[in-house]
Structure formats: structure tokens, C-alpha cells
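> With the sequence up front, the predicted model follows.
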Amino acid sequence: MFHISSSANRESILRHGLDWALMGAARGIAGSHKPELDGVFLCRDEFEAEWFVQMNNTGGPVDVWVVTGIKAEQLIDGGSGFDYFPGRIPPSQVALADWPPNP
């Protein structure tokens, strides 16, 4: 699974993991200034991740994070067709991806 975030969040994600409650000055990938839901939006595959990278409404560069330890059945449809995990994801379960992926 993948998570797309403003590169401005990189240090916070490395320190705290993925936590919607820590959303600060950087806008969300869809351009929101506050969390849309109490959870972390995740992409199931590279195709979906690339779609979010291209959508980028953060106002700057984005990072792609590989997320481990989350199963597809733990995700919830956020009402927009995009899935989220209803919890925080610790730094031990996220790693900055080498993006774009090598073919």
C-alpha cells in the first residue's frame, strides 16, 4: 500500500508516522487544509498512487510512502471511492518510496 503526502510533511512522518491529527500547514493531497476523515488515506497499488501524485493539490512536491502491516480488509471507503485506514500508522510501518517505480 502507498500513502501520498506533501514533501513538507516528510520530517513529521519520519518522526511520528502517519497521523491525521498532526496535519499542519501543508495541505492534503486533494488541497484540503484540515483532515477530511479521522484516518489515513491509502492507495492499494502503484496505479492508484500515481493518480494521486498527478492530482497533487498541495502547492508543492509530494512524497510517496510505502505502508506495510495494513491489510486491504482493514480499509474503509471514505465515501469518495478512496480508501482510508481508521487509525494512526507508526513510523515503523512507513518508508519513503523510490518514485517513480522502476519498470
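It's in. Residues are numbered from 1 along each chain as shown.

> Beta-bridge partners for Ser5, please?
The bridge-partner assignment for Ser5, based on DSSP bridges, gives Asp63.

> That one contacts Val67, doesn't it?
No: Ser5 lies out of contact with Val67 (CB atoms under 8 Å); the separation is 11.0 Å. Where C-beta positions appear, they are placed from N, C-alpha and C, glycine not excepted.

> Looking at the two, which one has more neighbours?
Neighbour count, other CB atoms under 10 Å: between Ser5 and Val67, Ser5 has more, with 23 against 19.

> and the more buried one, what pLDDT?
The per-residue pLDDT reported for Ser5 equals 91.

> Give the burial count for Asn56, as a bare number.
16.

> Now for the spatially closest residue to it that is not a sequence neighbour: which residues touch it?
Spatial nearest neighbour of Asn56, chain neighbours left out: Val62 (5.2 Å); criterion: CB to CB, 6 or more residues apart in numbering. With contact set as CB atoms under 8 Å, 6 or more residues apart in numbering, Val62 has these partners: Ile4, Ser5, Ser6, Ser7, Ile29, Phe52, Val53, Asn56.

> Return every residue with contacts to both of Ser5 and Val67.
Leu18.

> Quick check: the nearest residue to Thr68 once chain neighbours are set aside vs Gly87, distance?
Closest residue to Thr68 apart from its sequence neighbours, by CB to CB, 6+ apart: Gln93 at 5.2 Å. Gln93 sits 11 Å away from Gly87, going by CB to CB, to the nearest Å.

> Trp65 - nearest residue in space that isn't next to it in sequence?
Among residues not flanking Trp65 along the chain, His3 sits closest, at 4.4 Å (CB to CB, 6+ apart).

> Show me the shaky parts of this protein.
Scanning the chain for pLDDT under 70 picks out 24-25, 27-31, 33, 35, 102-103.

> Look up how far Phe82 lies from Phe2.
From Phe2 over to Phe82 the distance is 12 Å, taken as CB to CB.

> Counting neighbours, go ahead and name the busier of those two.
Set side by side, Phe2 and Phe82 show more neighbours around Phe2, with 22 against 19, by other CB under 10 Å.

> who's in contact with that one?
Leu42, Cys43, Asp45, Glu46, Glu48, Ala49, Val64, Trp65, Val66, Val67, Ala97.
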